[in-house]
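>>> Here is my input; please provide its structure:
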Amino acid sequence: MTVTQRRGRKIMMSPGELDAFLTLQRTCRVATVSTDGAPHVSALWFLWDGTALWLYSVVRSKRWADLKRDPRVAIVIDTGEEYDALRGVELSGVVEFVGESPRTGELCAELDAVETRFARKNFGLDAMPHDGRHAWVRLKPSKIVSWDFRKLGGS
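Below you'll find the model as predicted:
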């Protein structure tokens, strides 16, 4: 994990805070590059494993088509309603496709722990329900920027 943050160090999350935040949050916004060069942003559940962000995406989606053509991505996870409660992380880099596409549950050691954790976190299940419509994308971020406005001490 590369944290390359120059500005806003006062509100930057520590590595422990960053890991805890990404582990607890559920929904991210994924920005991909469309065929015309315009950004396309969509919401998606994710899993953080401590070094990589895992996305389980529908393979017949604009997001998937964009990533297959151009694997560059920017992802934002944030929370908070009031200004002094805003927290978030932006991760960017190039995604990798892991496992078969679409995912049908074939043995893939790299996905064992990811699928178990994802199923528990998002579905309350002990095993991943494969529907033949989704597949896995992994982002090992090349850049991470974080903010936690609670550190400003305004409240």
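
>>> Okay, now the unreliable bits of this protein?
1-8, 154-155 (pLDDT under 70).

>>> ok, the residue positioned nearest the centre of the chain to R138 distance?
The residue lying closest to the centre of the chain (CA atoms, centre = their mean) is L53, at 4.4 Å. For L53, the distance to R138 equals 7 Å [CB to CB, to the nearest Å]. The way it works is simple: take the backbone N, C-alpha and C, and place the C-beta from them, glycine included.

>>> Buried residues in the longest strand along the chain, which are they?
Assignment by DSSP state E gives strand 87-98 as the longest strand of the chain. Judged by neighbour count (16 or more other CB atoms under 10 Å), strand 87-98 contains these buried residues: R87, G88, V89, E90, L91, S92, G93, V95, F97, V98.

>>> Would you quantify the distance from the fourth one to S146?
Spatial separation of E90 from S146 under the definition CB to CB is 8 Å.

>>> How about the second one?
The gap separating G88 from S146 is 7 Å, by CB to CB.

>>> Spell out which residues are contacts of both of those two.
Here G88 and S146 have no joint contacts, going by CB atoms under 8 Å, 6 or more residues apart in numbering.

>>> gap between the helix or strand hosting R29 and the chain center?
Element membership for R29 (DSSP states H and E) is strand 27-33. Taking CA atoms, centre = their mean, to the nearest Å, one finds strand 27-33 lying 8 Å from the centre of the chain it belongs to.

>>> What is it packed up against?
Packed against strand 27-33 by the contact rule (3 or more CB pairs under 8 Å, 6 or more residues apart in numbering; DSSP states H and E) you find strand 39-48, strand 53-58, helix 62-69, strand 72-79.

>>> try 10 Å
Here strand 27-33 touches strand 39-48, strand 53-58, helix 62-69, strand 72-79, strand 87-98, strand 134-139, going by 3 or more CB pairs under 10 Å, 6 or more residues apart in numbering; DSSP states H and E.

>>> Pairing partners for the fifth one, with directions?
Translated: strand 87-98. If you go by DSSP bridges, strand 87-98 pairs up with strand 72-79 (antiparallel), strand 134-139 (antiparallel), strand 143-148 (antiparallel).

>>> Can you tell me which of the ones you listed is most buried?
Greatest average neighbour count among those goes to strand 134-139 (a mean of 22), per mean count of other CB atoms under 10 Å.

>>> Provide a list of residues in contact with the residue nearest to the centre of the chain.
Going by CB atoms under 10 Å, 6 or more residues apart in numbering, L53 touches 22, 28, 30, 46-47, 73, 75, 77, 89, 91, 93, 95, 137-141, 144.
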